[in-house]
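Colleague: Coordinates only, no sequence provided:
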């Protein structure tokens, strides 16, 4: 019985030892596999612009490394490889579209991050001291850059320029308050200029005036600003026995009187302007006459024959194609005033 128990115990001990040996063998093999894998793995330092990644893998194909890192290459993109201490370096070179303008010629080229000077040199485009470059030659290229190399062109040109006219306003008590009448139409003057103009890439970048000669002086625009009030019945003069007593108390004398057919005109009517036939400026009191009937320079006092309208003191200073015989045309500042006046008989008192 004792011998039987002893044999069973020895068998168990032998099995346990076998298990231990087998387990040790498995551990040794696993350790050897890990050491082998570590020896076969490779480390890469991948640079893509500002992004730098250190990556360990078992592949030796740089293209696969980039794919594992999710770095896709677009058309014309490339990469370079280089051995560094303890690793391999992969540098992605992204294609950049650069527009080069060189002395009026435009070319679309591809760059991979070189400097502007290196790009121009690679393209065989010489830059001299007379050229103006849009970017520094040491500046790195970037996608979408427009690099221009132009040589200034200096030309002498002669041209005309406008001289703006001034505007002058003067108060006129004969016009109602709030009324403005252009007495003299303004016009710009003109000067002849000579200039040295610098062009760069077809665009003007500088202008030096060499001379300026006035060929036509500007004409100042003169505007009458009404400050007076409308006439009332109390403003009407007293006329009798060769005398005219104005509301102001001033006394005028007249030598004779006559009845005329009167109309009104203004300087904006067709064929009219602000200068009369005698060279004076039109104003309230300017009357167009037939100089054969009423000589130029004749001073008059004019009222409507029914006494409802007082034109006042006037002078024969203008004429017109339709003004014949006993017909007169009274100047009023606005077209509306002329329309309101219409056509009516008036009495002309010839002042002494």
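Modeller: Received, thanks. Predicted model, so just to flag it, every value in this text is computed and none were measured.

Colleague: shaky segments in the protein?
Modeller: 1-5, 8, 28, 30, 32-40, 86, 174-175, 229-235 (pLDDT under 70).

Colleague: can you list the domains in it?
Modeller: Per automatic domain parsing, the domain ranges recorded for the chain read 1-38, 42-93, 96-151, 154-224, 231-351.

Colleague: For the third one, measure first residue to last.
Modeller: Length of domain 96-151, first residue to last, CA to CA, to the nearest Å: 26 Å.

Colleague: going forward can the numbers begin at 9, since that is how I track them
Modeller: Sounds good: first residue 9 from here, last item domain 104-159.

Colleague: First-to-last residue distance for stretch 229-245?
Modeller: In stretch 229-245, first residue to last residue: 35 Å (CA to CA).

Colleague: Pull out the buried residues from stretch 227-240.
Modeller: 229-230, 232, 234 (16 or more other CB atoms under 10 Å). Placement of C-beta: from N, CA and C, glycine included.

Colleague: now the strands: where do they sit in the stretch 159-308 of the chain?
Modeller: 161-171, 175-184, 188-192, 197-208, 211-224, 229-236, 246-248, 251-253, 259-273, 294-296, 307-312 (DSSP state E, counting those that start in this stretch).

Colleague: most tightly surrounded among those?
Modeller: A comparison of these by mean neighbour count, using mean count of other CB atoms under 10 Å, puts strand 294-296 on top with a mean of 24.

Colleague: Following whichever strand or helix holds residue 33 in sequence, what is the next regular element?
Modeller: Residue 33 belongs to helix 10-48 when assigned by DSSP states H and E. Tracing the chain past helix 10-48, the next element assigned as helix or strand by DSSP H and E is strand 50-56.

Colleague: ok, residues contacting that following strand?
Modeller: 60-68, 70, 73-74, 77, 79, 92, 94-100, 102 (CB atoms under 8 Å, 6 or more residues apart in numbering).

Colleague: Give me the buried entries from those residues.
Modeller: By neighbour count, with 16+ other CB under 10 Å, the contacts of strand 50-56 hold 70, 73-74, 77, 79, 95-100, 102 as buried.

Colleague: ok, residue 357 touching residue 250?
Modeller: No: judged on CB atoms under 8 Å, residue 357 makes no contact with residue 250 at a distance of 9.1 Å.

Colleague: Just the buried residues of stretch 342-360, please?
Modeller: Going by neighbour count (16+ other CB under 10 Å), the buried part of stretch 342-360 is 342, 345-346, 349, 354-357, 359.

Colleague: In strands, which of these appear?
Modeller: Counting by DSSP state E, the buried residues of stretch 342-360 place 354-357, 359 in strands.

Colleague: From those, pick the one nearest residue 87.
Modeller: residue 354 (103.2 Å; CB to CB).

Colleague: What sits closest to the closest one if chain neighbours are left out?
Modeller: residue 270 (4.1 Å; CB to CB, 6 or more residues apart in numbering).

Colleague: distance of the one you found from residue 296?
Modeller: 10 Å (CB to CB, to the nearest Å).

Colleague: Report the set of residues contacting both of the two.
Modeller: Here residue 270 and residue 296 share the contacting residues 336-338, scored by CB under 8 Å, 6+ apart.

Colleague: hang on, the earlier thing: joint contacts of residue 357 and residue 250?
Modeller: Contact criterion CB under 8 Å, 6+ apart; residues shared by residue 357 and residue 250: residue 262.

Colleague: so what's the nearest residue to residue 142 once chain neighbours are set aside bridging to?
Modeller: Once flanking residues are discounted, residue 142 sits nearest to residue 156: 4.0 Å by CB to CB, 6+ apart. Counting by DSSP bridges, residue 156 is bridged to residue 109.

Colleague: Could you measure from residue 156 over to residue 145?
Modeller: Distance from residue 156 to residue 145, by CB to CB: 13 Å.

Colleague: who has more neighbours, the two?
Modeller: Per other CB atoms under 10 Å, whichever of residue 156 and residue 145 has more neighbours is residue 156, with 17 against 13.

Colleague: That one contacts residue 211, doesn't it?
Modeller: No: at 10.7 Å, residue 156 does not count as touching residue 211 under the criterion of CB under 8 Å.

Colleague: Show me which parts of stretch 133-141 are buried, residue by residue.
Modeller: 133, 139.

Colleague: same deal with stretch 114-123?
Modeller: Neighbour-count burial for stretch 114-123 flags 119-123 (criterion: 16+ other CB under 10 Å).

Colleague: Point out the ones among those residues that are inside strands.
Modeller: Among the buried residues of stretch 114-123, the members falling in strands (DSSP E) are residue 119.

Colleague: Farthest pair within the buried residues of stretch 114-123?
Modeller: Farthest pair in the buried residues of stretch 114-123 (CB to CB) is 120 and 123. Separation: 11.4 Å.

Colleague: residue contacts, residue 288?
Modeller: Neighbours of residue 288 in contact, by CB under 8 Å, 6+ apart: 294, 325.

Colleague: change it to 10 Å
Modeller: Taking CB atoms under 10 Å, 6 or more residues apart in numbering, we find residue 288 in contact with 282, 294, 323, 325-326.

Colleague: Using a markdown table, lay out those together with distance to residue 224.
Modeller: Shown next, in a markdown table, are the contacts of residue 288 (distance: CB to CB, whole Å):
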| residue | distance to residue 224 |
| --- | --- |
| 282 | 18 |
| 294 | 28 |
| 323 | 32 |
| 325 | 27 |
| 326 | 27 |
